[in-house]
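*Asks:* Sequence plus predicted model, see below.
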Amino acid sequence: MHRPLVVQKFGGSSVANADRIRRVARRIARERSAGSDLVIVVSAMGDTTDELLTLAHAITDEPDARELDMLLATGEHQSATLVSMALHALGVDAISLTGPQAGITTDGRYGRARIANVEPRRIRAEIERGNVVIVAGFQGQSAADADRAEITTLGRGGSDTTAVALAAALRADRCQIFTDVRGIYTADPRLVPAARQLPVIGYEEMLELAHQGAQVMQVRAVELGWVNDVVIEVLSSFEDAPGTLIREDPFVEQRNKVRGLAHDRNVAKVTLVDVPDRPGVARAVFEPLAEAGINVDMIVQNVGHGGATDMSFTVPRAELGKAKKVLESLVRELGARELTTDASVAKVSIVGAGLHNAPGYAARMFGALADAGVNIEMISTSEVRITCMIAEDELSTALAALHGAFELTRPDPVDVTATGLSAG
């Protein structure tokens, strides 16, 4: 008889202290007694990663990248061993493994490694022995050759990526991401009380929501799920309630085109005023930013007048200081009049498959913001989203106006709640 194999991931808030770890262990034991083989991926407890980073920077302003990854990986090691101990206390056979022990190899970049391969031989052997396997998320090793292997970490939210990668490699029946919210909502329920939980969302839409600031799922984890056709279920670790499925969405044509709203406060606007309007200027601006590792998002260049133009773009707020340092010398070299910056802005996006081919959505978005008295500073679009930059203090007003304008409180016309997947 086939025993279902389930991969479950528990985030930092789910394992933040001993009580919560015991609660997670009881939930795992319940799933185990229902007849499933289990691979559990855990994040570091609570704010452990941030505390370790603070500690490292208290020692030195520039911690060595290798040593920093060695340090940060210990956070997940703690969680994995403690969850395993909690299961032992309940009489459940379990074993904790590091990312490298679980067979995860990466491309070797410290701090932001990407998973290169998963060879889960050890995991399969432990399952055969009757163990629940607890894997430390967020990490792997840089090479299959043990003599040259280094521990590397996957960046923020990397435990989500670990879970989806293991689910793909193990051909798991389910991949469940347990977090501190019930699932994916039409907007952030802390800012929009009328926000509605979605029973299903497509990979492409989830990817854009994550890209545009929705914190529930890590972008690379959604990409991995999409590429490997892993259905991901997002659930609350604090209550037994139905979650949200991230998967190919067969009913996308029959639904409201706008599936959800995303927002991002971690953004700053940079403007080069009166830049000479000639070929090569954009390269002269953006090449040095790329070399400094600064991620540029929205870009707007005005039509040139009198041989000069204004060029505006956004960078992550945390990188504004670095961007100013790169650009200040450039302003003089290019002959621009001045460099201005604004960190009191935010992005708000409407997201939905097929938006690009559906007339009227942009006009409705701009109209709703205008009626709410919200000024739009910049606009960018893709196949599945329209994003506006606005003043940060108008964010709540903008989200409420858009949620109402696109009737996101209304349930989908297609009943997709009968998914056949249990909520764990």
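*Replies:* Now that the structure is in, tell me what you want to look at.

*Asks:* The stretch 101-250 of the chain: helices as residue ranges?
*Replies:* With DSSP state H, counting those that start in this stretch, the ranges of helices along the stretch 101-250 of the chain come out as 121-128, 158-170, 203-211, 219-228.

*Asks:* Could you provide the ones you listed in a markdown table, with additional columns for mean pLDDT and mean neighbour count?
*Replies:* The C-beta positions use only the backbone N, C-alpha and C, and glycine is treated the same way. Shown next, in a markdown table, are the helices of the stretch 101-250 of the chain (pLDDT from 0 to 100; neighbours: other C-beta atoms under 10 Å):
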| stretch | mean pLDDT | mean neighbour count |
| --- | --- | --- |
| helix 121-128 | 97 | 16 |
| helix 158-170 | 95 | 27 |
| helix 203-211 | 85 | 25 |
| helix 219-228 | 90 | 20 |
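
*Asks:* Residue 42 is nearest to which of those?
*Replies:* In terms of C-beta to C-beta, the element of the helices of the stretch 101-250 of the chain nearest to residue 42 is helix 158-170, at 6.9 Å.

*Asks:* relative to helix 219-228, how tilted is that closest one?
*Replies:* 20 degrees (axes from the mean of the first three to the mean of the last three C-alpha atoms, to 10 degrees).

*Asks:* Please look at residue 49 and residue 72 and confirm they touch.
*Replies:* Yes: counting by C-beta atoms under 8 Å, residue 72 is a contact partner of residue 49 at 6.0 Å.

*Asks:* Looking at the helices of the stretch 101-250 of the chain, spot the one closest to residue 15.
*Replies:* Closest among these, once you apply C-beta to C-beta, is helix 158-170, at 10.5 Å.

*Asks:* Please enumerate residues in contact with the closest one?
*Replies:* 5, 7-9, 11, 39, 41-43, 76, 99, 102-104, 115, 118-120, 123-124, 135, 137-140, 154, 172, 174-175, 177, 217-218, 220-222, 224-225, 228, 230, 232 (C-beta atoms under 8 Å, 6 or more residues apart in numbering).

*Asks:* For ChimeraX, what selects the buried ones among these?
*Replies:* Entered in ChimeraX, the line below selects the buried ones among the contacts of helix 158-170, by 16 or more other C-beta atoms under 10 Å:
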select :5,7,8,9,11,39,41,42,43,76,99,102,103,104,115,118,120,123,124,135,137,138,139,140,154,172,174,175,177,217,218,220,221,222,224,225,230,232
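
*Asks:* which ones among the contacts of helix 158-170 are found in strands?
*Replies:* Among the contacts of helix 158-170, the members falling in strands are 5, 7-9, 39, 41-42, 104, 115, 118, 135, 139-140, 174-175, 177, 232 (criterion: DSSP state E).

*Asks:* Would you confirm that residue 349 contacts residue 212?
*Replies:* Yes: assessed by C-beta under 8 Å, residue 349 is found in contact with residue 212 at 4.3 Å.

*Asks:* Quickly list what's touching both of those two.
*Replies:* 262, 263, 385, 387.

*Asks:* Can you name the residues that contact the third one?
*Replies:* So the one you mean is residue 385. 208, 212, 262, 349, 350, 351, 352, 355.

*Asks:* again with the second one
*Replies:* If you count contacts by C-beta under 8 Å, 6+ apart, residue 263 has them with 187, 188, 191, 212, 213, 346, 347, 348, 349, 395, 399.

*Asks:* Do a quick rundown of the strands in the stretch 201-350 of the chain.
*Replies:* Taking DSSP state E, counting those that start in this stretch as the criterion, the stretch 201-350 of the chain carries its strands at 232-236, 244-246, 260-264, 268-276, 299-301, 308-315, 338-342, 345-351.

*Asks:* between the ones you listed, which one is nearest to residue 371?
*Replies:* Using C-beta to C-beta, the strands of the stretch 201-350 of the chain put strand 345-351 closest to residue 371, at 14.7 Å.

*Asks:* how about the closest one as PDB, C-alpha atoms only?
*Replies:* Provided in PDB are the C-alpha atoms of strand 345-351 (Å, rounded to 0.1, in the frame of the first residue of the first chain):
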ATOM      1  CA  VAL A 345       7.300  56.300  -1.200                       C
ATOM      2  CA  ALA A 346       5.600  52.900  -1.600                       C
ATOM      3  CA  LYS A 347       4.500  50.700  -4.500                       C
ATOM      4  CA  VAL A 348       1.000  49.300  -4.900                       C
ATOM      5  CA  SER A 349       0.200  46.700  -7.500                       C
ATOM      6  CA  ILE A 350      -2.900  45.000  -8.900                       C
ATOM      7  CA  VAL A 351      -2.000  41.400 -10.000                       C
END
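
*Asks:* Mind listing residues that contact that strand?
*Replies:* 205, 208-209, 212-213, 258-265, 267-269, 297-298, 314, 361, 365, 377, 384-392, 395, 398-399, 402, 406.

*Asks:* residues of the helix or strand just after that strand that come out buried?
*Replies:* The helix or strand immediately downstream of strand 345-351 is helix 361-371, counting by DSSP states H and E. Burial within helix 361-371, assessed by neighbour count using 16+ other C-beta under 10 Å, is assigned to 361, 362, 365, 368, 369.

*Asks:* for helix 361-371, what is the average pLDDT?
*Replies:* Helix 361-371 shows a mean pLDDT of 93.

*Asks:* Return the distance of it from the chain's centre.
*Replies:* 27 Å (C-alpha atoms, centre = their mean, to the nearest Å).

*Asks:* Make 9 the first number, not 1, from now on.
*Replies:* Taking 9 as the first residue, the last one we looked at is helix 369-379.

*Asks:* elements contacting it?
*Replies:* Counting contacts by 3 or more C-beta pairs under 8 Å, 6 or more residues apart in numbering; DSSP states H and E, helix 369-379 is packed against strand 393-399, helix 403-413.
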